[in-house]
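Q: dropping a prediction and its sequence here:
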Amino acid sequence: MSKERTRNGQPRQSEGVRAFKRGLDVLQEVNRSGGIRAGDVARALDLPRPTVYRLLETLEELGYVARSASDDRFRVTRRALSLGDGYDPGVVICQAAAPYLTELSKTLVWPVDLSTYENAAMVVQETTHSRSPLSIDRGMIGKRLPMLRTSAGRAYLAACPARERDLIVNHLRRIDEADDRPFLDEGRFNRMIEETAARGYAIRSEGEYNPKTASIAVPIVRHGAVFGCISIIWIRSALGIEEAVAQFVSQLQETASAIPVEV
């Protein structure tokens, strides 16, 4: 039996083959983006939204993608590791931490971020900003946070091994951002590291980075390796640092300790 052909003589694809190709295209787009909503996939691939939703649901059921609890973005999973170089290790901690951040947001009304280190910055991988009625920021997923002027960056630097910290600081010196220079003063930097390590958490309370907000961050550490940081952000005029420490630190530390991380 001869196969049905298109006008240019090529064999016409069966419905099953077309659906399979669309599924691969959707998975590739999610992998390429690092995190994307279904509607954006539909626009990027010029596919009907209902089709994309069905394909994403199937990929999620199969374990190749996972939906963020905070902003409905899809990301590839560990199972997709072998599918391409676009796999991001940050996805692993993101998936592990998401349900814990959701629970944390039920008791801490101020927004909470999960960030990981990437090329001289902390990158927000998961957040409760979209669910917090007190957030003044939106679109935080993927945002790069400076190492020296945010609590997440300070928490990471204080908790990571000294060799890694030296490499990061040398990188920051080469980048030489004007806003970072005061914090790279050797005496000031060493005091910050010592104080943060002694406390077990980092603070940003003097208007650095964002003059309207303050924050506290704790590292997620397993066997000397830092996998990321959890931060809580609030409006400075609404809460003093001592009150914030009393309210937030213990819950942040408990959450950081509870997140299951493969070592």
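A: Perfect, thanks for sending it. Numbering: from 1, shown residues only.

Q: can you give me the distance of residue 236 to residue 108?
A: For residue 236, the distance to residue 108 equals 17 Å [CB to CB, to the nearest Å]. Glycine gets a C-beta too; all of them are placed from N, C-alpha and C.

Q: again, but for residue 72
A: Here residue 72 is placed at a distance of 21 Å from residue 108 (CB to CB).

Q: who's more crowded, the two?
A: The neighbour comparison of residue 72 against residue 108 (other CB atoms under 10 Å) goes to residue 108, with 20 against 12.

Q: quick one, phi/psi of that one?
A: Torsion angles at residue 108 (phi, psi; degrees, to the nearest 10) stand at phi -110, psi 110.

Q: right, and it touches residue 250 too?
A: No - the pair residue 108 / residue 250 is not scored as a contact, 11.1 Å apart, by CB atoms under 8 Å.

Q: which ones are touching residue 184?
A: 148, 169, 172, 173 (CB atoms under 8 Å, 6 or more residues apart in numbering).

Q: out of those residues, who's nearest residue 32?
A: Nearest to residue 32 out of the contacts of residue 184 is residue 172 (CB to CB; 28.9 Å).

Q: I'd guessed the closest one sits against residue 119; true?
A: No - contact criterion CB under 8 Å: residue 172 and residue 119 do not qualify, at 10.9 Å.

Q: so for these two, which residue has more residues nearby?
A: It is residue 172, of residue 172 and residue 119, that has more neighbours when counted by other CB under 10 Å, with 22 against 9.

Q: show me where the stretch 51-200 of the chain has helices.
A: With DSSP state H, counting those that start in this stretch applied, the stretch 51-200 of the chain shows helices at 90-107, 151-159, 162-175, 186-199, listed in chain order.

Q: with distance to residue 209 and mean pLDDT added, can I get those in TSV?
A: Below are the helices of the stretch 51-200 of the chain laid out as TSV (distance: least, CB to CB, whole Å; pLDDT from 0 to 100):
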stretch	distance to residue 209	mean pLDDT
helix 90-107	21	81
helix 151-159	9	98
helix 162-175	14	93
helix 186-199	14	97
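
Q: the inter-axis angle of the helix or strand containing residue 245 versus helix 186-199?
A: Residue 245 belongs to helix 241-258 when assigned by DSSP states H and E. Per axes from the mean of the first three to the mean of the last three CA atoms, to 10 degrees, the angle that helix 241-258 makes with helix 186-199 is 70 degrees.
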